[in-house]
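> Below: sequence and its predicted model.
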Amino acid sequence: MSNERSHSGSCFCGSVQFTVTGEPAGMGYCHCESCRQWSAAPVNAFTLWHPHEVTVTRGVDRIGTYHRTEGSLRKWCRDCGGHLYTEHPGLGLVDVYAAMLPDLPFDAGVHVNYEESVLPIRDGLPKYGDFPAELNGSGRLVAE
């Protein structure tokens, strides 16, 4: 029996349910225009997981996919339109929106795409103009 912690999430109507298991590979905030438009918010809180740690437990046939680019496969419920998560195949990670995991203690460690920010956040966390180098970005930090 595994002692890894699991967290559950679902779409707005509950047609799609999923769990994540273990510890996220990272947590933070994304300020890019795509995330802002998709989430209808000035900033998106993310949690990153390895694909094998994300399991759809109900409604896999109700999941739609939208992708503006091959780097981001955005998943949503075809019943209610509720957003679920984004697969990033090139990074080998799945971004589960922090709001989708209500019992996961969110502990952001970074801001990405901060140069696109429309909501400055002065919290002392590292702020990357785009992405850290290990996520195929420039690794360039910008000022708060």
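Structure received.
> For residue 119, see how far away residue 14 is.
30 Å (C-beta to C-beta, to the nearest Å). For every residue, glycine as well, the C-beta is placed using N, CA and C.
> more neighbours, those two?
Shown here are residue 14 and residue 119; by other C-beta atoms under 10 Å, residue 14 has more neighbours (13 against 10).
> Go ahead and name everything in contact with stretch 89-102.
7-10, 18, 20, 25, 27, 39, 44-51, 53-54, 70-71, 73, 83-88, 104, 106, 135-136 (C-beta atoms under 8 Å, 6 or more residues apart in numbering).
> Now which of the residues you listed would you call buried?
7, 9-10, 18, 20, 27, 39, 44-49, 53-54, 73, 83-88, 104, 135 (16 or more other C-beta atoms under 10 Å).
> Report the beta-bridge partner residues of the residue sitting nearest the centre point of the chain.
The centre of the chain sits closest to residue 95, judged by C-alpha atoms, centre = their mean, with a distance of 2.9 Å. Residue 95 has these beta-bridge partners by DSSP bridges: residue 48, residue 86.
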